[in-house]
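Novice: Got a predicted structure here, sequence first:
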Amino acid sequence: MTTLVIGAGLIGSQVARILVERGEKPVLMDHAAQPQAIGQIVDLDKVTLIQGDVLRPLSIVDALRSHGITRIAHTAANPLLTLGAQKAPYSAINLNIMGTVNVLEAARVSGLKRVVVSSSSVLNHYLEGGEDGSHFGKEESFPRPTTFYAATKQAVESLGLNYAKWCGIEFAGLRYGAVFGPWSGAGGGGPSNLLREAMRNALAGREATIPPGVMEWVYSKDAARATVLALDAKDLGSGVFNITMGAITTPNEMAAAIGTVIPGAKVKFEAPAGTGVSLSNRDTHADLSRARRHLGWEPQFKLQDAVKDLAEWMRRHLA
Ligand SMILES: NC(=O)c1ccc[n+]([C@@H]2O[C@H](COP(=O)([O-])OP(=O)(O)OC[C@H]3O[C@@H](n4cnc5c(N)ncnc54)[C@H](O)[C@@H]3O)[C@@H](O)[C@H]2O)c1
């Protein structure tokens with residue numbers, strides 16, 4: 001069994017690490033891999049790192065054939081996620097939607113069974129409408145995504161579920177919360193980067209800035225563990241899973257966690273210019289019961305454990 005992990009960033013590198021720890025040699029595919037950052041997460045000698053672009057379908061088919069791939073975890077997405085897609089909608093739509101369709105098609109023509117795709121909890125947080133309350137005959141039956149990025153994730157889930165229904169592919173879409181965790185390369189979303197920068201500043205004795213709104217976070221190691229469990233699960237049920245800490249974190253709670261792990265840390269609440277769009281407008285948290293039932297997944301890192309683990313990693317790697 002060989003797993004292709006597409007996208008070797010904040011989450012993909014952790015997926016590869018877990019597979020390596022289980023004795024597998026996964027294939028990591030990226031169009032612009034950052035080997036130094038990846039090598040801080042997973043031993044590069046224990047993975048096969050290849051260049052490939054999800055916008056070039058033949059490069060996916062080539063990877064599947066050349067490496068005897070049996071299943072795929074697809075984590076590639078547009079740079080800076082919500083913020084990036086607001087600035088460059090066309091390329092984000094193309095990459096997120098057509099890139100995922102290319103992965104699903106490559107799986108279909110190659111007879112691969114399982115494809116696990118990164119969705120996002122933006123589909124629980126960036127919504128408006130739905131006034132008609134699920135009444136199928138009315139126009140506003142369901143809430144709609146309010147950002148380009150969320151709209152791409154909604155399309156990805158819907159297309160993946162149709163590949164499952166009509167083409168025999170076992171599809172899972174994982175709605176990760178805002179992800180933070182060990183990573184020294186470029187990538188991730190606005191909140192991932194804001195929090196990492198805040199931690200770096202706090203560790204260096206400088207003032208740390210964290211987003212002023214509530215956030216629904218998940219630690220990258222937990223997001224990756226859910227991804228591996230979805231690759232393995234016997235029964236994917238309805239195929240879409242919330243993968244978050246299962247709690248809303250207020251700015252005060254995040255500041256307290258940072259202050260406990262880094263005593264004396266000074267934290268202020270501020271959204272740097274242009275990042276407001278990546279803050280949630282909802283304060284309800286995700287229901288994790290499907291992930292528990294079908295994947296056997298439970299977040300292992302609550303807020304303070306996650307901040308502590310990240311601080312320890314940063315002290316070791318970014319001193
Ligand atoms: N980081 C978050 O807060 C967060 C939250 C929810 C969902 N997600 C989703 O999880 C997934 C992984 O996110 P991440 O934080 O690890 O992102 P990341 O930016 O760290 O990693 C994505 C990787 O995909 C690669 N990539 C981009 N375009 C590509 C292409 N055309 N072909 C091949 N590779 C390409 C990038 O080079 C990058 O290494 C994404 O789908 C993202 O939408 C992330």
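Specialist: Cool, got the structure. Numbering: from 1, shown residues only.

Novice: Count the neighbours of residue 206 for me.
Specialist: Applying other C-beta atoms under 10 Å, we find 12 residues neighbouring residue 206. Where you see a C-beta, it was placed from the backbone N, CA and C, and this is true even at glycine.

Novice: I'd like to know how many residues surround residue 132.
Specialist: Neighbour count for residue 132, taken as other C-beta under 10 Å: 13.

Novice: Hmm, residue 141 and it touching each other?
Specialist: Yes. With contacts defined as C-beta atoms under 8 Å, residue 132 counts as touching residue 141 at a distance of 4.8 Å.

Novice: mind listing what residue 315 touches?
Specialist: Each residue near residue 315 by C-beta atoms under 8 Å, 6 or more residues apart in numbering is listed here: residue 203.

Novice: What parts of the stretch 101-250 of the chain come near the ligand?
Specialist: For the stretch 101-250 of the chain, the residues found near the ligand under the criterion C-beta under 6 Å from any ligand atom are 118, 120, 176, 178, 179, 187, 188, 189, 191, 192.

Novice: tell me the SS of the residue in the chain that the ligand sits nearest to?
Specialist: When scored by C-beta to the nearest ligand atom, the chain has residue 9 as its residue closest to the ligand, at 2.1 Å. At residue 9, secondary structure determined by DSSP: H, G, I helix; E, B strand; the rest coil is coil.

Novice: so which strand or helix has the residue lying farthest from the centre of the chain?
Specialist: Going by C-alpha atoms, centre = their mean, the residue of the chain most distant from its centre is residue 137, 34.1 Å out. According to DSSP states H and E, residue 137 maps onto no helix or strand at all.

Novice: circling back to that earlier point, hang on, the residue of the chain closest to the ligand packs against residue 189?
Specialist: No. Under the criterion of C-beta under 8 Å, residue 9 makes no contact with residue 189, lying 10.4 Å away.

Novice: I'd assumed residue 243 was in contact with residue 222.
Specialist: Yes. The pair residue 222 / residue 243 is scored as a contact, 7.2 Å apart, by C-beta under 8 Å.

Novice: Would you mind telling me which of the two has more residues around it?
Specialist: Counted by other C-beta under 10 Å, residue 222 and residue 243 do not tie: residue 243 has more neighbours, with 29 against 26.

Novice: Please name the residues that touch the more buried one.
Specialist: For residue 243, the residues meeting the contact criterion (C-beta under 8 Å, 6+ apart) are 121, 174, 175, 176, 177, 218, 222, 223, 226, 288, 291, 297.

Novice: Dump the residues you listed into CSV; add distance to residue 68 and secondary structure as well.
Specialist: Listed next are the contacts of residue 243 as CSV, based on distance: C-beta to C-beta, whole Å; DSSP: H, G, I helix; E, B strand; the rest coil:
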residue, distance to residue 68, secondary structure
121, 34, coil
174, 25, strand
175, 30, strand
176, 28, strand
177, 34, coil
218, 32, strand
222, 29, helix
223, 27, helix
226, 25, helix
288, 34, coil
291, 30, helix
297, 28, coil
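
Novice: Tabulate those residues (TSV), appending pLDDT.
Specialist: Compiled in TSV, those are given as follows (pLDDT from 0 to 100):
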residue	pLDDT
121	96
174	98
175	98
176	98
177	97
218	98
222	99
223	98
226	99
288	98
291	98
297	98
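
Novice: got TSV for those, with distance to residue 266 too?
Specialist: As requested, the contacts of residue 243 are exported to TSV (distance: C-beta to C-beta, whole Å):
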residue	distance to residue 266
121	29
174	35
175	34
176	29
177	26
218	26
222	28
223	29
226	34
288	33
291	36
297	36
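
Novice: ok so, going back, return every residue with contacts to both of residue 222 and residue 243.
Specialist: Shared between the contact lists of residue 222 and residue 243 (criterion: C-beta under 8 Å, 6+ apart) are residues residue 297.

Novice: so for the longest helix anywhere in the chain, what's the average pLDDT?
Specialist: Using DSSP state H to assign secondary structure, the helix with the most residues in the chain is helix 148-167. Mean per-residue pLDDT for helix 148-167: 98.

Novice: can I get the CA coordinates of it in PDB?
Specialist: Output of helix 148-167 as PDB, limited to C-alpha atoms (Å, rounded to 0.1, in the frame of the first residue of the first chain):
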ATOM      1  CA  PHE A 148     -14.500  32.700  -2.800                       C
ATOM      2  CA  TYR A 149     -12.400  30.200  -0.800                       C
ATOM      3  CA  ALA A 150     -15.500  28.800   1.000                       C
ATOM      4  CA  ALA A 151     -17.400  28.600  -2.300                       C
ATOM      5  CA  THR A 152     -14.500  26.500  -3.700                       C
ATOM      6  CA  LYS A 153     -14.600  24.100  -0.700                       C
ATOM      7  CA  GLN A 154     -18.400  23.700  -1.100                       C
ATOM      8  CA  ALA A 155     -17.900  22.800  -4.800                       C
ATOM      9  CA  VAL A 156     -15.100  20.300  -3.800                       C
ATOM     10  CA  GLU A 157     -17.300  18.500  -1.300                       C
ATOM     11  CA  SER A 158     -20.200  18.300  -3.700                       C
ATOM     12  CA  LEU A 159     -18.100  17.100  -6.600                       C
ATOM     13  CA  GLY A 160     -16.300  14.500  -4.400                       C
ATOM     14  CA  LEU A 161     -19.600  13.200  -3.100                       C
ATOM     15  CA  ASN A 162     -20.800  12.800  -6.700                       C
ATOM     16  CA  TYR A 163     -17.600  10.900  -7.700                       C
ATOM     17  CA  ALA A 164     -18.400   8.600  -4.700                       C
ATOM     18  CA  LYS A 165     -22.000   8.200  -5.800                       C
ATOM     19  CA  TRP A 166     -21.400   7.600  -9.500                       C
ATOM     20  CA  CYS A 167     -17.800   6.500 -10.000                       C
END
